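Q: let me see the structure of the following:
(one chain, ligands or ions: 1)
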Amino acid sequence: MKNNHPTQAVLLRNVHYSIPAADGVKTLLRHIHLSVSRGEWLAIVGTNGSGKSTLAKLIAKLQPVSSGEIVHNRSVRDAAQDSPARKPFVQMVFQNPDTQLFGETVYEEVCFGLNNYGFEPEERHRLAMQSLDTTGLAPLTDYPARFLSGGQKQLLHAASCMAVQPEVLIFDEATAMLDPLSRERLLATIHRLHEEGTTIVWITQLLDELDRSDRIVALDDGQIAFEGSKESFFYSSISGDDVQSGEAGSSPCERLGFLPPYTIQVAKELIRRGLSLNPLPFTIEQLGKAVTI
Ligand SMILES: Nc1ncnc2c1ncn2[C@@H]1O[C@H](COP(=O)(O)OP(=O)(O)OP(=O)(O)O)[C@@H](O)[C@H]1O
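A: You can find the predicted model right below:
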């Protein structure tokens, strides 16, 4: 069942992040005020170098902030769990999985985190096999992890992070190396985890991956340039929030330098020609439904 607990899972208060540079300091993130609600699917988008991965690492507390504060709020459910395992609050699935593999075999790799967090052997085996199953890696259980392809390594890394059942899962362009089938399979697994209450932070440049998002945050040069619904990100024009107006004008998506997905382009063209689409579509299926009487 979806966890609708109203509190915020993660809170960022006026976060800044700088690193030393030849000519002083280089500020990578500034004035970041952001909360991630429990059970939410938050998407973070932005062009190359806008600061998405840096922000993700800060949210996961893998790096300390330069100033400001990041708060992790464990849910009552997880704070009071009766299993001897101490489930992690957050796990981050990285862009480059090569740096994140520790086990000899695929199975050992998935068990690595489960071991670290104190899962009992029986539970560990069950969760490892379940995670390998849902990511399609079960046939490769005894295969040496180092011989996997790039995409398989990415799946394995995701499987390991999901197996330990964190409250918050951060995916940093996690589908970048996956073939269409593996991508669909991974997305289906993540959708299921989200339905079961896991909070998802989804970093992507692929705007057709935003259809599941409850909220979108767009970064531009280390600052939050947009925060709002996918409806306003794709459909609102510069002249206002009347998303059905059909007025010419660029949406936040276009202003930030992104080409909207083809489905959105078609839908906007139909609205411009006088069609009323309700609800606004984000997938080809939703568009088909919206134009079918
Ligand atoms: N350790 C570092 N040293 C110097 N510069 C860094 C470091 N880490 C990040 N940067 C710089 O910070 C900026 C933001 O990087 P970041 O990886 O967060 O961007 P991104 O939005 O995730 O980009 P991409 O979509 O290309 O992955 C970039 O200009 C990058 O060069």
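Q: give the next helix or strand downstream of the host helix or strand of Ile216.
A: Assigned by DSSP states H and E, Ile216 belongs to strand 215-220. Using DSSP H and E, the helix or strand that directly follows strand 215-220 along the chain is strand 223-228.
Q: can that following strand be found next to the ligand?
A: No - applying Cβ under 6 Å from any ligand atom, one finds strand 223-228 separated from the ligand by no less than 11.7 Å. (Glycine included, C-beta is placed from N, CA and C.)
Q: contact partners of that strand?
A: Applying Cβ atoms under 8 Å, 6 or more residues apart in numbering, the external contacts of strand 223-228 come out as 29-34, 46, 215-219, 233, 252, 256.
Q: same deal with stretch 253-272?
A: So stretch 253-272 is contacted by 45-47, 207-208, 218, 220, 225-226, 233-235, 238, 244, 246, 248, 251, 277, 280-284, 286-287, 290-291 (Cβ under 8 Å, 6+ apart).
Q: now the helices: where do they sit in the protein?
A: With DSSP state H applied, the chain shows helices at 52-59, 76-79, 106-116, 121-134, 150-163, 180-195, 230-235, 252-255, 262-272, 284-291, listed in chain order.
Q: which among the contacts of stretch 253-272 end up buried?
A: With burial judged by 16 or more other Cβ atoms under 10 Å, the buried subset of the contacts of stretch 253-272 is 45-46, 207, 218, 220, 225-226, 233-235, 246, 251, 277, 280-282, 286-287, 290.
Q: select the helix or strand of the protein having the lowest average pLDDT value.
A: helix 76-79 (a mean of 58; mean pLDDT, DSSP states H and E).
Q: next, the contact list for the spatially closest residue to Thr198 that is not a sequence neighbour, please.
A: The shortest distance from Thr198 to any non-neighbouring residue, by Cβ to Cβ, 6 or more residues apart in numbering, is to Leu169 (5.7 Å). Leu169 makes contact with Val90, Gln91, Met92, Val93, Cys161, Met162, Ile190, Leu193, Thr198, Thr199, Ile200, Val201 under the criterion Cβ under 8 Å, 6+ apart.
Q: quick check: closest non-adjacent residue to the last one.
A: Meaning Val201. By the measure of Cβ to Cβ, 6+ apart, the closest residue to Val201 outside its immediate chain neighbours is Ile170, 4.3 Å from it.
Q: for burial, what's the neighbour tally of that neighbour?
A: 28 (other Cβ atoms under 10 Å).
Q: which residues touch it?
A: Ala56, Ile59, Ala60, Val90, Gln91, Met92, Val93, Val201, Ile203.
Q: now Phe233
A: Contacts of Phe233 by Cβ under 8 Å, 6+ apart are Leu210, Ile216, Ala218, Phe226, Ser251, Pro252, Cys253.
Q: state the distance from the second one to the ligand.
A: Distance check for Ile216 against the ligand: by Cβ to the nearest ligand atom, to the nearest Å, it reads 15 Å.
Q: just the first one next, same as before
A: In this structure, Leu210 and the ligand are 15 Å apart, going by Cβ to the nearest ligand atom.
Q: that older thread, would CSV of the contacts of Phe233 with distance to Asp133 and pLDDT be doable?
A: Putting the contacts of Phe233 into CSV (distance: Cβ to Cβ, whole Å; pLDDT from 0 to 100) gives the following:
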residue, distance to Asp133, pLDDT
Leu210, 27, 91
Ile216, 31, 96
Ala218, 35, 96
Phe226, 38, 95
Ser251, 40, 89
Pro252, 39, 91
Cys253, 36, 92
